[in-house]
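> build the 3D model from these lines:
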Amino acid sequence: MTTKTFRTTLMLRLRQRKRERWLADGALLSVAAIWGSTFFMIKDATQTFPVLAFLTLRFTIAALFLLPFALIAMRRRGALPTRREWAWGIGAGVLFTAGYIFQTFALRTVDAGRAGFITGLYVIFVPFLGLVVLRQPIERRVLLGGSLALVGMVLLGYAPGGTLLGDLLAIICAFAYAAHILAIGKMPRSADWRFLALAQALTVAVLCGILLPIMAAVRGCDAELCTALAPFADPLPVALPIKVLLVAIFTGLLATAFGLMVQVWAQRILPPSDAALIFALESPFAVLFGVLFLDEVLTLLGLAGCTLIFAGTLSVTVGGQQALATDQSLEVVASD
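Predicted coordinates for the structure are as follows:
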């Protein structure tokens, strides 16, 4: 290979990878905005409607939307999903189920903006869980961005409207989301991302549908365990208000179906820590929509927190582009 051809090949590969990275960054940013917008909608929809019934409806809608894409993909490759694909999809779906159940119940007792702030702590949990569980080192740019995001979330946390139970549920939700992001990051590259998204949506819909009558039966139980589960024991729904249906359609199609497809695809390009920091913008979006539509309060400290989270995300995104250029250059040189 001549020097000129080598340089041309190097530049073409770098440009392609940079385009992919910026596209993945932008796609995850749009998902973060959509997720942030759903907090106030879900809080309003589930105040009187059973949480598990809402989640069953939402993820059933998402699964029905994702099904044709998965069928087309399976037809093109001429094979059904493997056991490994089912295992990864269901495993990630279980984590996804835990995150959504705890988050939705938390929204009943805390403000939408506060729930978004606490949920956003998964940005900090992801790199440290990756270090402990997967032995993934924490890069300095991720540590810097995570530190800025953490300070920003602390400032956002001074907003009023919290309860001990609601805050605890949101923290558990954040752990579940962090584990979910790591699981998606470790999914095999050979697995079809459309089927993986469908398997997760189906898992959430099935698990919530199974839990719904079980938790409804808890309402008539006097045992100590039943008393502990009482905050989660909603009755079976007797009607489906049009408002709840519209929220389920919006969140099912955009926040769930579109969000899952984008997340599984983009995390094949971005490492989990980078994806988590971009998702950190979900918290400021949740606060913003809570202020606009639920008359929640955004103080100057909250505004400063949003700014710091954005700065942390930007530092990771730009730093990731620079690291990508260096790594790709070394990769091409080594292959040559």
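> show me the shaky parts of the stretch 201-336 of the chain.
273, 277, 280, 294-298, 302, 306, 309-310, 313-336 (pLDDT under 70).
> all strands for it, in order.
For the stretch 201-336 of the chain, applying DSSP state E, counting those that start in this stretch gives no strands.
> send the alpha carbons of stretch 30-37 over as PDB?
Taking C-alpha atoms only, stretch 30-37 is exported to PDB below (Å, rounded to 0.1, in the frame of the first residue of the first chain):
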ATOM      1  CA  SER A  30     -33.400  12.800  20.900                       C
ATOM      2  CA  VAL A  31     -34.400   9.700  22.900                       C
ATOM      3  CA  ALA A  32     -33.300  11.500  26.100                       C
ATOM      4  CA  ALA A  33     -35.600  14.400  25.200                       C
ATOM      5  CA  ILE A  34     -38.500  12.100  24.500                       C
ATOM      6  CA  TRP A  35     -38.000  10.200  27.800                       C
ATOM      7  CA  GLY A  36     -37.800  13.500  29.700                       C
ATOM      8  CA  SER A  37     -41.100  14.600  28.200                       C
END
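> now that stretch: average pLDDT?
In this model, stretch 30-37 has a mean pLDDT of 85.
> so who does Ala32 touch?
278-282, 285 (C-beta atoms under 8 Å, 6 or more residues apart in numbering). Every residue, glycine included, has its C-beta placed from N, CA and C.
> of these - the most surrounded one?
Neighbour counts for the contacts of Ala32, by other C-beta atoms under 10 Å, peak at Ala280, which reaches 29 neighbours.
> so how far is Pro271 from Gln103?
24 Å (C-beta to C-beta, to the nearest Å).
> quick one: which of the two has more around it?
Gln103 (25 against 18).
> could you tell me the end-to-end distance of stretch 149-164?
23 Å (C-alpha to C-alpha, to the nearest Å).
> could you measure from the residue nearest to Gly209 when sequence neighbours are not counted over to Leu270?
Excluding the flanking residues, the one nearest Gly209 by C-beta to C-beta, 6 or more residues apart in numbering is Thr56, at 4.5 Å. According to C-beta to C-beta, Thr56 stands 31 Å off from Leu270.
> please apply the same query to Ser30.
Remark: distance between Ser30 and Leu270 (C-beta to C-beta) = 14 Å.
> of these two, which one has the most company?
Leu270 (24 against 14).
> the closest residue to the more buried one other than its chain neighbours: how many residues sit nearby?
Excluding the flanking residues, the one nearest Leu270 by C-beta to C-beta, 6+ apart is Ala24, at 5.2 Å. Using other C-beta under 10 Å, Ala24 has 22 neighbouring residues.
> need the contact list for Ala24.
Ala24 neighbours (C-beta under 8 Å, 6+ apart): 265-266, 269-270.
> the same query, at a cut-off of 6 Å, please.
Ala24 sits next to 266, 269-270 when contact means C-beta atoms under 6 Å, 6 or more residues apart in numbering.
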